[in-house]
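Asker: Output the structure for:
(one chain, ligands or ions: 1)
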Amino acid sequence: MTRRLITLWARLLHLCWRLEPRLTAAALLVRILDTVVFVAIALAVREVIDRAEAGLAAAAMWAAIGLACLRLADFSTFTLALNLRILVVEKVGLTEIQDGILRDVTDIHTLDHLEDPQFLGRVTIVRGATWQIMDSAWAALESVMLALRLALGLALLGSASPWLLLLLPCAALPLWTDARARAHETRSTQEAAGDVRLQRELHENLTRPGPGKEIRVTGTGRDLIRLQAEADERATAAVVRGAVPAAAWRLAGWLAFCAGFGGLLSLLLLQAGSGRATLGEAVLGITVATSLSHEVAYTVQRSTTAAGAQRVIEPLLWLREYAAGYRARAATWTKRPAPDRLLDGITLDNVTFGYAGSARPALDGVSVHIPAGSVVAVVGEYGSGKTTLVKLLCSFHEPQQGEVQVEGVDLRGIDPAHWRARTSAAFQDFGRYRTTVRESIAFGDLQQSDGQGQSEDKAVARAVAAADAERLIARLPEGLDTRLGAEDGGTELSEGQWQKLALARASMRETPLLLVLDEPTASLDAPSEHAIFERYMARARELAQSTGAVTVIVSHRFSTVAGADLILVLHEGRLVEAGPHAELVRANGRYAELFTIAEKSYTSI
Ligand SMILES: Nc1ncnc2c1ncn2[C@@H]1O[C@H](COP(=O)(O)OP(=O)(O)OP(=O)(O)O)[C@@H](O)[C@H]1O
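Answerer: Numbers count the residues shown, from 1 in each chain. Here you go, the predicted model:
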């Protein structure tokens, strides 16, 4: 860990140098100047007193003026060094750590990491600790520089009296006891982590509109408040359990330092009294030794910052290595571009896939050929594997057995970026972008923007029509320029309206080879759903002609499903039936059963 840590710090400091060379150089120079001023002050004190003792009033006065200037410089360099460091840390930290993690997260073309709690937990830790991580690199550098200052201070003390060098072990004591204190604090923070998470989750549930509805209906508000208060109390108790011995260790360290400090100063004054040292040397000793306590305190503080950041740096290093491992594997792949158009179609050959930690595969030995240009509906009970099938088609996951083939080529051999560029998809857990309506839709295909906004405008208008969203846009206060999201002072949309925007987004691409609609109308009323499917079917047929695109619809609504060319019926991850509606009804199997249940519930409404 130590080597990786030092490498990371060196990398972060190098980045500061590369991204903010002037600020970084200034911060370092001021820090060095600070050390020079520190030594100069001690020497100036000796000069003032020695000259005064020798009766050189004018020389003593000039030395005193110099000392005053140095004091002013000391204050200015300290504050300046601090502010410069804060500026560099803020500027580079945001670019390197926040953006770097986001790049790593999005560059991985599969979704496995985003469904892995270990990965997500680490992302959350790093997101909240950007400043701490970046500052720790500076704290490590400053600890080295401060140690240098301490050494210089001690050398000056040694020149006043070699006895004062005994202050060195005294100065080291608080550093050692601080490390012990930190160990207690780390243990108690780890003990409290579970309750802190629980408390935050409960607090969030109590203050968010979504869970807020459920809490009001079930009347569990008071109970949840009690639970979060209990979690908070347990977390605080754990932290206090660690804080008490930590405070005792620190106190012991400082008491030892103060005892040594007091004893050695007395010794210096005795030596001055007996004429074995000049008054200037005695005052020099007192000045340096006094500021030494501040030096030690600041060195402890900065080295604590550097060492304390290990807790948040470990997740960052883990995430970096995860992404680097992915990049190394990706570099060995020879990927071909997606075909220009589909002539044969997509084939699933004995595809099996299970999520990490799940006992049973979500898809189990699925084999089917989806002809080019066809509209396919996927049906089945909740949890039967419909979304998983769609995710494999989009290459979000790779099968653990079998292959997804596009025109006879394993999808793993096709460049994911190319395949995505030829995929249009609307998912049930769609995004809600708090931008303008136009931007929210245009995200569906950022390639369409020609810099003038003209082709983008045309594409957005076409996508709005495809999603049957013209009336929705017309009713918004500023049409396509309406800013979305009440939390940011914009217009809030209903669930169905957000879903229409997601559908429009999924209609932006002009020449997809795969068009996916995973429960795309779940939040819409029946007439809206009907209107949208009419338009989508028309688009699917158009695309079938132009690119041979395959359209895959996941739906629980049989009015929609019945119009598909091919219906895939999944049950507990297995493909139990496949064929057109009439054939499956005639077969009187699983599909017919589901269809009859759906019809009955519809007629009984
Ligand atoms: N991210 C995940 N991690 C672990 N298991 C998962 C994950 N997503 C889905 N599963 C499991 O895989 C199985 C298939 O899920 P999938 O979402 O594909 O079903 P579905 O038919 O689309 O369900 P629904 O109709 O509810 O959307 C389920 O048993 C589910 O619990």
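Asker: Three-state assignment for residue 508, please.
Answerer: Put simply, residue 508 is coil when judged by DSSP: H, G, I helix; E, B strand; the rest coil.
Asker: number of nearby residues for it?
Answerer: 22 (other C-beta atoms under 10 Å). Any C-beta I mention is one placed from the backbone N, CA and C, and that applies to glycine too.
Asker: quick one: it and residue 444 touch, right?
Answerer: Yes: with contacts counted by C-beta atoms under 8 Å, residue 508 reaches residue 444, the gap being 3.0 Å.
Asker: anything in contact with each of those two?
Answerer: Common neighbours of residue 508 and residue 444, counting by C-beta atoms under 8 Å, 6 or more residues apart in numbering, are 424, 463.
Asker: Tell me which helix or strand residue 227 sits in.
Answerer: Per DSSP states H and E: residue 227 is located in helix 221-273.
Asker: Okay, domains of the chain per the record?
Answerer: By the record's domain assignment, the chain is partitioned as 2-161+277-329, 337-422+511-605, 432-510 (automatic domain parsing).
Asker: SS state for the closest residue to residue 112 other than its chain neighbours?
Answerer: Of all residues not flanking residue 112 in the chain, residue 397 sits nearest, at 6.4 Å (C-beta to C-beta, 6 or more residues apart in numbering). Three-state call for residue 397 (three-state DSSP): coil.
Asker: Please apply the same query to residue 493.
Answerer: Taking three-state DSSP as the rule, one finds residue 493 in the coil state.
Asker: what about the stretch 351-500 of the chain, any weak spots by pLDDT?
Answerer: Scanning the stretch 351-500 of the chain for pLDDT under 70 picks out 448-455.
Asker: That one against the ligand: which residues are in contact?
Answerer: Residues of the stretch 351-500 of the chain that fall close to the ligand, judged by C-beta under 6 Å from any ligand atom: 355, 358, 362, 380, 382, 383, 384, 385, 386, 387, 388.
Asker: Filter those residues down to the buried ones.
Answerer: Neighbour-count burial (16 or more other C-beta atoms under 10 Å) is assigned, among these, to 362, 380, 384, 385, 386, 387, 388.
Asker: rewinding a little: tell me the helix or strand right after the helix holding residue 227.
Answerer: Where DSSP H and E defines the elements, the next helix or strand beyond helix 221-273 is helix 279-308.
Asker: buried set for the helix or strand just after that next one?
Answerer: For helix 279-308, the succeeding helix or strand toward the C-terminus, using DSSP H and E, is helix 310-332. Applying a neighbour-count criterion of 16+ other C-beta under 10 Å, one finds 312, 313, 314, 315, 316, 317, 319, 320, 322, 323, 326 buried in helix 310-332.
Asker: which ones are touching the residue of the stretch 1-150 of the chain found nearest the ligand?
Answerer: The shortest separation between the stretch 1-150 of the chain and the ligand is 3.8 Å, found at residue 115 (distances taken as C-beta to the nearest ligand atom). For residue 115, the contacting residues are 355, 356, by C-beta under 8 Å, 6+ apart.
Asker: Same question for the one 3 residues further on.
Answerer: With contacts defined as C-beta under 8 Å, 6+ apart, residue 118 is in contact with no residue.
Asker: Next, give phi and psi for the residue lying farthest from the centre of the chain.
Answerer: What lies farthest from the middle of the chain is residue 55; by C-alpha atoms, centre = their mean that is 66.8 Å. Main-chain dihedrals, residue 55, degrees, to the nearest 10: phi 80, psi 20.
Asker: ok, now residue 410?
Answerer: According to degrees, to the nearest 10, residue 410 has phi -60, psi 130.
Asker: in the helix or strand hosting residue 72, what counts as buried?
Answerer: Assigned by DSSP H and E, residue 72 falls within helix 57-93. Using 16+ other C-beta under 10 Å as the test for burial, helix 57-93 gives 60, 63-64, 66-67, 70, 73-74, 77-78, 80-81, 84-85, 88-89, 91-93.
Asker: for stretch 2-19, same thing?
Answerer: 5, 8, 9, 12, 13, 15, 16.
Asker: Please enumerate residues in contact with that stretch?
Answerer: Residues from elsewhere that reach stretch 2-19 (C-beta under 8 Å, 6+ apart): 23-25, 88, 91-92, 95-96, 133-134, 136-138, 140-141, 306, 310, 313, 316-317.
Asker: Who are the packing partners of the helix holding residue 227?
Answerer: Judged by 3 or more C-beta pairs under 8 Å, 6 or more residues apart in numbering; DSSP states H and E, the packing partners of helix 221-273 are helix 167-207, helix 279-308.
Asker: So which residues make contact with the helix or strand that comes right after the first one?
Answerer: Put plainly, it is helix 167-207. Later in the chain than helix 167-207, the nearest helix or strand by DSSP H and E is helix 209-218. With C-beta under 8 Å, 6+ apart as the test, helix 209-218 has contacts from 204, 205, 206, 221, 224.
Asker: what's the answer for stretch 233-248, then?
Answerer: The contact list for stretch 233-248, computed with C-beta under 8 Å, 6+ apart, reads 180-182, 184-189, 191-192, 195-196, 199.
Asker: What residues sit buried inside it?
Answerer: 234, 235, 238, 239, 242, 245, 246.
Asker: cool, and stretch 340-359?
Answerer: By neighbour count on 16+ other C-beta under 10 Å, the buried set for stretch 340-359 is 341, 342, 345, 346, 347, 348, 349, 351, 353, 354.
Asker: just stretch 467-486 next, same as before
Answerer: By neighbour count on 16+ other C-beta under 10 Å, the buried set for stretch 467-486 is 467, 468, 469, 472, 473, 476, 480, 482, 483, 484.
Asker: and those residues, which two are the farthest apart?
Answerer: 468 and 483 (22.6 Å; C-beta to C-beta).
Asker: follow-up on the earlier one: export the domains of the chain to JSON lines and tack on distance to residue 216?
Answerer: Output for the domains of the chain, formatted as JSON lines (distance: least, C-beta to C-beta, whole Å):
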{"stretch": "domain 2-161+277-329", "distance to residue 216": "28"}
{"stretch": "domain 337-422+511-605", "distance to residue 216": "21"}
{"stretch": "domain 432-510", "distance to residue 216": "18"}
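Asker: and residue 253, which of these is closest to it?
Answerer: Closest among the domains of the chain, using C-beta to C-beta: domain 2-161+277-329, at 8.6 Å.
Asker: Quote the end-to-end distance of stretch 14-30.
Answerer: Counting by C-alpha to C-alpha, to the nearest Å, you get 18 Å between the two ends of stretch 14-30.
Asker: quick check: mean pLDDT across that stretch?
Answerer: Averaged over stretch 14-30, pLDDT sits at 88.
Asker: roughly how far out does that stretch sit from the chain middle?
Answerer: Offset of stretch 14-30 from its chain centre (C-alpha atoms, centre = their mean, to the nearest Å): 25 Å.
Asker: Done for today, thanks.
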